[in-house]
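[1] sequence first, then the predicted structure, then my questions.
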Amino acid sequence: MKRVISCIFFLVLLVTNPVKSQDIPPPNPGLVINIVSGYSIEFVFDEIDEYIYGIQNAGQSTFIRIGAIYDWKLQFKADQVIFYGTNDPAHQMELNNVGVVVASIGTNQDDGSNLINNAKVAPIALESNDVTLLTKGTLTNKGYGIENSFTLDWEMGTRNGNMNQTRMLDQLLKADSYTLNIILTLSVY
């Protein structure tokens, strides 16, 4: 018998009606975040290897651009403290099963000069508190879409970086769909 766990999360930005973004202090026309693609991410665990090794590099990515006339930082967090099952809220899963690696594809240097990328070499686990993904380096990180373009590569259950070190198979998770919103917060550095 196959056990299927589906995890869906949505990126929340308070800019337009279907997609929302948050900048601090709102509204701030000097800071703009644009989610180009990857509003909704879904992981479906339906093979034993996915429970053992997790899901990584499966095309679960979000592409964003940041326009800023100020130096800035980008943080992320979940909108709840744990994943709750959609079919049965008693089914729960820890947030740190999900992590993100950020690839900079803009012209601002991602080597500590323009940007400090805390999720460059290893994923950072999802939390319910703000976690800084990107911030200003020794130089400025001001710029628009061509300078500040990023791919957020999501993974689940891989145990990489500071993610949950227990295999998903050993967490005794119940088959269900687990859904939450992820909030990206862009603010002045």
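    Ah, there it is. Numbering: from 1, shown residues only.
[2] where exactly do the strands run in this structure?
    Under the criterion DSSP state E, the chain contains strands at 5-12, 22-24, 31-37, 40-45, 61-68, 72-78, 83-85, 92-93, 98-104, 115-117, 124-125, 131-136, 149-156, 177-188.
[3] tabulate these (TSV), appending distance to Met163 and mean pLDDT.
    Quick note: C-beta positions are derived from backbone N, CA and C, even for glycine. Below are the strands of the chain laid out as TSV (distance: least, Cβ to Cβ, whole Å; pLDDT from 0 to 100):
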stretch	distance to Met163	mean pLDDT
strand 5-12	13	56
strand 22-24	25	47
strand 31-37	23	92
strand 40-45	13	88
strand 61-68	17	95
strand 72-78	14	96
strand 83-85	14	92
strand 92-93	12	94
strand 98-104	4	97
strand 115-117	17	97
strand 124-125	5	98
strand 131-136	12	97
strand 149-156	8	96
strand 177-188	15	93
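[4] pretty sure Thr86 sits against Tyr178.
    Yes: counting by Cβ atoms under 8 Å, Thr86 touches Tyr178, with 6.9 Å between them.
[5] those two: which is more packed in?
    Tyr178 (24 against 13; other Cβ atoms under 10 Å).
[6] burial measure for the closest residue to that one other than its chain neighbours, as a count.
    Leaving aside its sequence neighbours, Tyr178 sits nearest to Phe83 (Cβ to Cβ, 6 or more residues apart in numbering; 3.8 Å). Using other Cβ under 10 Å, Phe83 is surrounded by 25 other residues.
[7] next, the contact list for Phe83, please.
    Neighbouring residues of Phe83 by Cβ atoms under 8 Å, 6 or more residues apart in numbering: 7, 92-95, 97, 178-180.
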